[in-house]
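1. Give me the fold of what follows.
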Amino acid sequence: MPVYDTNPHLKKLRQDLHINADLLGHPLKFATTWGLFSPRAIDEGSLMLLEHLDVAEDEIALDFGCGYGPLGLAIAKAAPKGSVQLIDKDFVAIDYANKNAQANGLNNARAYLSNALMDVPLEPQFSLVVSNLPAKTGNELYTLAFNDAKQRMQPGAKFVVVTINGLRSYMKRSFTEIFGNYKKLKQGKTYTVSVAERLAD
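-> A predicted model of the protein is given here:
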């Protein structure tokens, strides 16, 4: 392995960061690194989403844009009889999400690369989809992801997202157009948690 430097500060920056958090009533530990979203602590938006999330013990869930895995792995811990797929377009995020699943003994969770939901199989169909939507990804990708998610959701399944408040109107418009319904679960100072339900055809 190449020696990058002998500077103690740079050497420290290359080391993993570590987070311990109680999510959905369960203690979890996460390794993270610089360059991933919110590497020093679970972000406020994810915590708000989890506060308004009901998880069944047999939930079949998808975490879209998982990062190092706080949402998806919290659901996996709360759903020991279910399973969770975590996806992200960043290979570093996937590496850390899988390491964190293993570190927490979560054999019912797996992370893999996917651009939106392009590489997510049609089966099994999900009972829950969650996402902490990044603000600058672009509406076009969101449109693709929301439509793809609908195809992969069971009737009655819920798609729960947290966004910055600036995307609140967009989420209402998009969820209403694609799913035929929209509900605001919580609006805080910075973030809004929204949900849509997959209706029966």
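
2. now the helices for this structure?
-> 8-13, 44-51, 70-78, 91-103, 139-151, 168-179 (DSSP state H).

3. and the longest strand for this structure?
-> Ranked by residue count, the top strand of the chain under DSSP state E comes out as strand 153-164.

4. mind checking how far Gly105 is from Gly69?
-> Gly105 sits 13 Å away from Gly69, going by C-beta to C-beta, to the nearest Å. Where C-beta positions appear, they are placed from N, C-alpha and C, glycine not excepted.

5. more crowded one of the two?
-> Neighbour count, other C-beta atoms under 10 Å: between Gly105 and Gly69, Gly69 has more, with 30 against 9.

6. show me the contacts for the closest residue in space to Pro27 that isn't next to it in sequence.
-> In space, and not counting its chain neighbours, Pro27 is closest to Asn20: 6.9 Å by C-beta to C-beta, 6 or more residues apart in numbering. Counting by C-beta atoms under 8 Å, 6 or more residues apart in numbering, Asn20 touches Pro27, Leu28, Lys29, Phe30.

7. ditto for Ser83
-> By C-beta under 8 Å, 6+ apart, Ser83 lies in contact with Ile60, Ala61, Ala76, Asn108, Ala109, Pro124.

8. I'd like those as JSON lines, with neighbour count, pLDDT and distance to Pro39 appended.
-> Formatted as JSON lines, the contacts of Ser83 follow (neighbours: other C-beta atoms under 10 Å; pLDDT from 0 to 100; distance: C-beta to C-beta, whole Å):
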{"residue": "Ile60", "neighbour count": "21", "pLDDT": "98", "distance to Pro39": "29"}
{"residue": "Ala61", "neighbour count": "28", "pLDDT": "98", "distance to Pro39": "23"}
{"residue": "Ala76", "neighbour count": "30", "pLDDT": "98", "distance to Pro39": "21"}
{"residue": "Asn108", "neighbour count": "19", "pLDDT": "98", "distance to Pro39": "25"}
{"residue": "Ala109", "neighbour count": "27", "pLDDT": "98", "distance to Pro39": "20"}
{"residue": "Pro124", "neighbour count": "12", "pLDDT": "88", "distance to Pro39": "31"}
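
9. So which of those are in strands?
-> Reading strands off these with DSSP E, I get Ile60, Ala61, Ala109.

10. ok, of these, which one's closest to Val129?
-> Nearest to Val129 out of those is Ala61 (C-beta to C-beta; 7.0 Å).

11. what about the closest one, distance to Leu199?
-> 19 Å.

12. cool, Gly188 as well?
-> Distance of Gly188 to Leu199, given as C-beta to C-beta: 28 Å.

13. Then Arg40?
-> Separation of Arg40 from Leu199 (C-beta to C-beta) stands at 40 Å.
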